[in-house]
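>>> I would like the atomic coordinates for the input below:
(2 chains)
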2 protein chains.
Amino acid sequence: MMTRAHDPESTSETELLVCVKCRRGQQIHGDERRPGQRLYDTLRTMALPDGVRLLPVECLQNCDHGCTVALRGGERWTYVYGNVDEASHPDVILDGAARYHATGDGLVPWRERPDHFKRNCVARIPPATYHPAPEADPT
Amino acid sequence: MMTRAHDPESTSETELLVCVKCRRGQQIHGDERRPGQRLYDTLRTMALPDGVRLLPVECLQNCDHGCTVALRGGERWTYVYGNVDEASHPDVILDGAARYHATGDGLVPWRERPDHFKRNCVARIPPATYHPAPEADPT
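Model prediction:
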């Protein structure tokens, strides 16, 4: 079992960022709510996992593959996920957010990730504390 | 002119993250260096802009649209760029990194961005200090 134990000292809050400007490729008419805003509004009505905070963001700039959410917090890697459907994916997002928050480094074991997260990771960013081992000079 | 003035108190270092595992869709034979590693090795031989530090990362997970780099630091938005060519783009990346570092928030005015950055932003993430104004309850 490759599950990493949660570091009890790394209990920092997890932020679930939601791009509220996302059109998800649709034409938006008048004052119609955008898909990204609908996703955020739905998540706001749901019970969030312990330690997870919801945060709207005006454009995560993954516009060709929205809707888009990101998870970050503490010393965890930040993960960005695309192709989110505002109607069918809120439960999946909260499941993934809970699993993410349960780690100290953000690295949820592959087999424990929601299927949508396995196939729709847009990018990940190491924590600010990331310091790779120095490499030998390439010359 | 919409250029934001650089906040003199925000002189934090900029990190230029390079995914050194990127195959850029190629078959890699034996111990051949991957395109991501070649990109990183080339950047290491170049004069970096003041305040910019180069950092190798083992997978930024933008594997379908590599090579991939990211810029972050201080209270700036983090930007991830894909479709980077390890041979022709190092100068462009360093130009973009210098312009990014010259800002306090990471928001380089559109017309001042390198063309490759205009067309190949994979995602952006707000700084950890990002706190949007509270919204009215959607119900």
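
>>> now A:Pro56: closest residue in space that isn't a chain neighbour?
Nearest residue to A:Pro56, sequence neighbours excluded (C-beta to C-beta, 6 or more residues apart in numbering or on different chains): A:Val20, at 4.4 Å. For glycine as for every other residue, the C-beta is placed from the backbone atoms N, C-alpha and C.

>>> likewise A:Glu86?
A:Leu39 (3.7 Å).

>>> same question for A:Arg23.
Nearest residue to A:Arg23, sequence neighbours excluded (C-beta to C-beta, 6+ apart): A:Arg34, at 5.5 Å.

>>> what is the burial count for the one you found?
19 (other C-beta atoms under 10 Å in any protein chain shown).

>>> and it, what is it in contact with?
For A:Arg34, the contact set (C-beta atoms under 8 Å, 6 or more residues apart in numbering or on different chains) comprises A:20-24, A:28.

>>> where is the longest helix in chain A?
Longest helix in chain A by number of residues, with DSSP state H as the criterion: helix A:90-101.

>>> for the residue nearest to A:Glu86, which residues are in contact?
A:18, A:20, A:22, A:67, A:69, A:84, A:86, A:89-90.

>>> most widely separated two among the residues you listed?
Spatially, the most separated pair among those is A:Val20 and A:His89, at 15.2 Å (C-beta to C-beta).

>>> quick one: the helices in chain A?
Remark: helices assigned in chain A by DSSP H are A:35-44, A:90-101, A:115-119.

>>> ok, and does the last one reach over to chain B?
No: for helix A:115-119, no contact with chain B is found by C-beta under 8 Å from any C-beta of the partner chain; the gap never falls below 10.7 Å.

>>> buried sites along that helix?
By neighbour count on 16 or more other C-beta atoms under 10 Å in any protein chain shown, the buried set for helix A:115-119 is A:116-117.

>>> what packs against that helix?
Helix A:115-119 sits against strand A:78-81, helix A:90-101, with contacts defined as 3 or more C-beta pairs under 8 Å, 6 or more residues apart in numbering or on different chains; DSSP states H and E.

>>> out of those, which is the most enclosed?
Comparing those by mean neighbour count (mean count of other C-beta atoms under 10 Å in any protein chain shown), strand A:78-81 comes out on top with a mean of 26.

>>> list of residues touching that strand?
Under the criterion C-beta under 8 Å, 6+ apart, residues A:60, A:62, A:68-72, A:93, A:96, A:100, A:106, A:116-117, A:120-125, A:127, B:61, B:78, B:80, B:122-123, B:125 lie in contact with strand A:78-81.

>>> coming back round to it: are any of the contacts of A:Arg34 buried, and if so which?
For the contacts of A:Arg34, a burial check counting by 16+ other C-beta under 10 Å picks out A:20-22, A:24.

>>> point out the least confident member of these, please.
Among the buried ones among the contacts of A:Arg34, A:Arg24 carries the lowest pLDDT, at 88.

>>> would you agree that residue is in contact with A:Glu86?
Yes: the pair A:Arg24 / A:Glu86 is scored as a contact, 7.4 Å apart, by C-beta atoms under 8 Å.

>>> identify the contacts common to those two.
The contact sets of A:Arg24 and A:Glu86 overlap at A:35-36, A:67 (C-beta under 8 Å, 6+ apart).

>>> mind putting these in JSON lines, distance to chain B, neighbour count and pLDDT included?
JSON lines is the format used below for those (distance: C-beta to the nearest C-beta, whole Å; neighbours: other C-beta atoms under 10 Å in any protein chain shown; pLDDT from 0 to 100):
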{"residue": "A:Pro35", "distance to chain B": "15", "neighbour count": "23", "pLDDT": "95"}
{"residue": "A:Gly36", "distance to chain B": "13", "neighbour count": "26", "pLDDT": "96"}
{"residue": "A:Cys67", "distance to chain B": "12", "neighbour count": "28", "pLDDT": "96"}
